[in-house]
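Colleague: Sequence and predicted structure below; questions after.
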Amino acid sequence: MSGERMIVSGGTIVDPATAVPRPGDVVIDGDRIAGIAPPGSVSSEGRVLDATGMLVLPGLVDMHVHLREPGQEYKETIATGAQAAVAGGVTSVACMANTNPVNDSGAVTRFILEQAASAGLARVYPVGALSLGLEGRQLAEFGEMRRAGIVAVSDDGRPVMDAGLMRRALEYARMFDLLVIAHEEDCGLAGGGVMNEGVIAVGLGLRGVPAAAEEVMVARDIALAELTGGRLHIAHLSTRGAVDLVRAAKARGVVVSAEATPHHLFLTDDAVADYDTNAKMAPPLRSRADVDAVRAGLADGTIDAIASDHAPHHRDEKDVEFEHAANGVVGLETILGLGLRLVSEGVCDLATFVLRASTAPARLLGIPAGTLAPGALADLVVVDPKRRWTVDPTTFRSKSRNTPFGGWDLAGKAVTVLVGGRVVHTDTAANPALRVAS
Amino acid sequence: MAFTRRHLTGLRGLTAEEIATILDQAASFKELSERVIKKAPTLRGKTVVNLFYENSTRTRTSFEIAAKRLSADTINIAASSSSVGKGETLVDTARNLEAMRPDVIVVRHPSSGAAHLVARHVSCAVINAGDGCHEHPTQALLDLLTIRERRGEVRGLTVAIVGDLLHSRVGRSNLHALLTLGARVRLVGPPTLVPREFAALGAELHHDLPSGVRGADVIMMLRIQRERQGTNLFPSIEEYSQYFCLTEEAVRLADPHVIILHPGPMNRGVEIATSVADGPYSVIMDQVTNGVALRMALLCLLAARSRADAATDADAGVEIERGVARA
């Protein structure tokens, strides 16, 4: 299909799927990438997006978000979540099933896809429930949901405590090549804890969740992945021990992947001091040693993906006693800036960041994204790497404001975002010189 | 004046000087309670709200008597008789009370951090009367007042705190303040109730009672809550008692001049033998008496600063001095 031609010219292209970062012009034909040309070598017919001095990345793929619709539209809708996504440079998201009703049927999956289509911004890929109602008892109909459009299954937020059920899920999911995403937290060990177990929790008089609560489940599920050959993906890895377990499993050839969140890559349980409920999430913020281990895992590939675990909550659900506050933080609008900060702090190089935040999650989910190769969907983000900005939750497109990063000074922002060759977000304030010329 | 904070949500972070200021002020108020007319005009025109989300006899009564002896108006709100049952949030309740212009809100709540939350949303002074498993600063301050009276300087004393430290707000407040004042603090109990993290806060951990109390100048017993049974933190109250009940035999291991404290309410025969609770080294009733003086001191220090512009602040300061002088 030949559509309107557009050239994103003069930027530095970072596409780990094809090559090292290099200057070039991205030629877009309709909704797809036609090719990459040496800078200035193609005629500037049609629309030209001047990306001089900018980075041009494949749109980010956030494989772990909560869009809250259906059922909790006061926190977020698919439309507002999609707006937040593109404003943050994220062009594809995988949304978790803990909606109301739960996404455990083709009907709910189709509803989500229809809402996403009418929003027309980021691409939304639903994750189906692993068990009916997320109740951990009976497998949901993977096949029906797969036909409707799910890309993975998960009871995210509700750890699958029944090892037998997890085994069957991993086994059965193979029939549909579905990724099984696991929130690893042993409920007995978590024991109603509300933050990391450690000195901070003891000082605050808050019940702690030990690192072992995550590690015993990671160990269990790695054994089950070995048993079944199913594709296990561990959500939001947060402890040193869990990183070690995944590293060792990968070394012996187990099919296992893992993701980490920006908050687990930057923050420790110190952030909870003074009972800041924006630092409350599951798994909780851990110790400095854990943060360092998660960073090392991200750098060496033990951790495949960066995902935000975008979890919008209304202010009323956070402005309460810490133990009663909702778990989770929003993250779509900060994942890019924080990711670039990982690069500037030397945790990984730019190409590795793009690999973790776009290419790898796209491959894990089996979705068409994560590259600027010819023929690929023209989902890309133009980033001004020098643009300094301060995280101001009041400016978020998300309906919710629950971030622990408010006030952080970051460098690098999405200034133009394309989905399917269409400009879905521009931040003209960032760089008035950047324009779409015809 | 060495105490200029707006709220008292905990003792962690307070300086030795700040603690001494409160204790000195409290000592000066003790005499008032021994008079025939137990009243001073210090807080006349001030309003103290006791907002209690947990049952309390001792603490609530102590705050109420303290406020009344200083001529403040007091209002007691018990969670069961307030709008809490209708689902109002703590923040909304606090804001509504704030709108009635109290000078001090004394809050007790089952959630750790509740007093911080209230303090963030009101402009009047907030006193934490116990929040979950976090802190109970006035209890620890009255304990310190009692220790200071009986043993002189706190610096250099060895204090053993025995019991369920994991869940104890009294234990935490005492730990912080005792360490700040230079005491040596031993925490005594089973590892399930005295987790290792306390060592990082500066305490010595003991998992057997004899070693924990040996040579101690002060033994502070904590209440063991029966509802902890069934959580597998210990097998049974009976077994707990066999290992950690403070008996006369155990007391004999301590310093000959040991004093024994308990914040109440006591489970006689469970964490403390009746003969010990009522023994000559027990200062448990002194603690209760000191609680009133301590809370008077704190109300004075905080109410004087509450909602005051510079002019009235100065007036209140004068009034405090006058009140103290009369007391």
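Modeller: The structure has been received and is ready for your questions. On a predicted model such as this, the values are computed, not experimentally measured, just so you know. Numbering: from 1, shown residues only, chains lettered A, B, ... in the order given.
Colleague: right, and the secondary structure at the nearest residue to B:L166 once chain neighbours are set aside would be what?
Modeller: Leaving aside its sequence neighbours, B:L166 sits nearest to B:L193 (C-beta to C-beta, 6 or more residues apart in numbering or on different chains; 4.9 Å). Yep, even glycine has a C-beta here, placed from its N, CA and C like the rest. B:L193 falls in the coil class when you classify it by DSSP: H, G, I helix; E, B strand; the rest coil.
Colleague: Per-residue pLDDT of B:L193, please?
Modeller: The model reports B:L193 with a pLDDT of 97.
Colleague: and the gap between it and chain A?
Modeller: 12 Å (C-beta to the nearest C-beta, to the nearest Å).
Colleague: Go ahead and confirm that residue touches B:G163.
Modeller: Yes. In this structure, B:L193 is within contact of B:G163 by C-beta atoms under 8 Å, at 7.1 Å.
Colleague: More neighbours: which of the two?
Modeller: More neighbours surround B:G163 than the other of B:L193 and B:G163, with 28 against 24 (other C-beta atoms under 10 Å in any protein chain shown).
Colleague: from memory that one sits against B:L187, does it?
Modeller: No. Using C-beta under 8 Å, B:G163 is not in contact with B:L187; the gap is 9.0 Å.
Colleague: tell me, what's touching the two both at once?
Modeller: The contact sets of B:G163 and B:L187 overlap at B:G171 (C-beta atoms under 8 Å, 6 or more residues apart in numbering or on different chains).
Colleague: Please identify the residues of chain B in proximity to chain A?
Modeller: Residues of chain B lying close to chain A by C-beta under 8 Å from any C-beta of the partner chain are B:12, B:89-91, B:109, B:111-114, B:116-117, B:131-135, B:166-167, B:169, B:172, B:195, B:197-198, B:200-201.
Colleague: now, which of these lie within helices?
Modeller: B:L90, B:V91, B:A114, B:H116, B:L117, B:R169, B:R172, B:E197, B:F198, B:A200 (DSSP state H).
Colleague: Return the members of those classed as buried.
Modeller: By neighbour count, with 16 or more other C-beta atoms under 10 Å in any protein chain shown, these hold B:L90, B:V91, B:A114, B:H116, B:L117, B:R169, B:R172, B:E197, B:F198 as buried.
Colleague: my read is A:D384 is in a strand, agree?
Modeller: Yes. Counting by three-state DSSP, A:D384 is located in a strand.
Colleague: what about B:L302, how many residues close to it?
Modeller: Counted with other C-beta under 10 Å, the neighbours of B:L302 add up to 23.
Colleague: for it, helix, strand, or coil?
Modeller: helix.
Colleague: For it, give me its contacts.
Modeller: Residues near B:L302 by C-beta under 8 Å, 6+ apart: B:R5, B:R6, B:H7, B:L8, B:V104, B:A125, B:I127.
Colleague: and those, which are buried?
Modeller: When the contacts of B:L302 are checked for burial by 16+ other C-beta under 10 Å, the buried set is B:H7, B:L8, B:V104, B:A125, B:I127.
Colleague: Out of those residues, the closest to chain A would be?
Modeller: B:H7 (12.5 Å; C-beta to the nearest C-beta).
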